[in-house]
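**Student:** heads up, no residue letters with this:
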């Protein structure tokens, strides 16, 4: 069996396993294995194939870590608002506007039992809409 076939089988196996994990790391390694398979198909030596797979795998891992860190930071910043109190400005049929941090925000009720006569707190955020409840 040719080296490029082995690399491509490894790439398919890694991408297939990625479908079960959802972490994207195995996808990166699958792409690296596919690139090494292309290198083998072009007639490059085994060391060149390994170097190509290693460089693409490491670069992809670093890029993925940076991307995941940026995503986690955005989620952490959004979570800072959860639990904070808001001031009701207007309300009708489970939707309205609340004042938070000196600005008016669109808001919706976290559930059917939200009592607007009691203090309201941020329970979640959906885009720029605050989901509030008691």
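**Tutor:** All right, it came through fine. Treat the numbers as computed from the prediction; the structure is a model and nothing was measured.

**Student:** Spell out the residue ranges of the strands in this structure.
**Tutor:** In the chain, the segments counted as strands under DSSP state E are 85-92, 95-100, 103-109, 120-126, 129-133.

**Student:** Just name the most buried of those.
**Tutor:** strand 129-133 (a mean of 19; mean count of other C-beta atoms under 10 Å). Where C-beta positions appear, they are placed from N, C-alpha and C, glycine not excepted.

**Student:** ok now that strand, how far from the chain's centre?
**Tutor:** Going by C-alpha atoms, centre = their mean, to the nearest Å, the spacing between the C-alpha centre of strand 129-133 and its chain's C-alpha centre is 22 Å.

**Student:** Neighbouring strands of that strand in the sheet, and parallel or not?
**Tutor:** Strand pairing for strand 129-133, determined by DSSP bridges: strand 103-109 (parallel), strand 120-126 (antiparallel).

**Student:** what mean pLDDT would you report for that strand?
**Tutor:** Per-residue pLDDT values over strand 129-133 give a mean of 90.

**Student:** any low-confidence regions in the protein?
**Tutor:** Within the chain, the stretches falling below the threshold (pLDDT under 70) are 72-78.

**Student:** Domains in it, by residue range?
**Tutor:** What automatic domain parsing lists as the domains of the chain is 3-78, 85-133.

**Student:** What residues of stretch 28-42 count as buried?
**Tutor:** Within stretch 28-42, the residues that count as buried by 16 or more other C-beta atoms under 10 Å are 28, 29, 30, 31, 32, 33, 34, 35, 36, 37, 39, 40.

**Student:** before we move on, what about stretch 57-70?
**Tutor:** Judged by neighbour count (16+ other C-beta under 10 Å), stretch 57-70 contains these buried residues: 57, 60.
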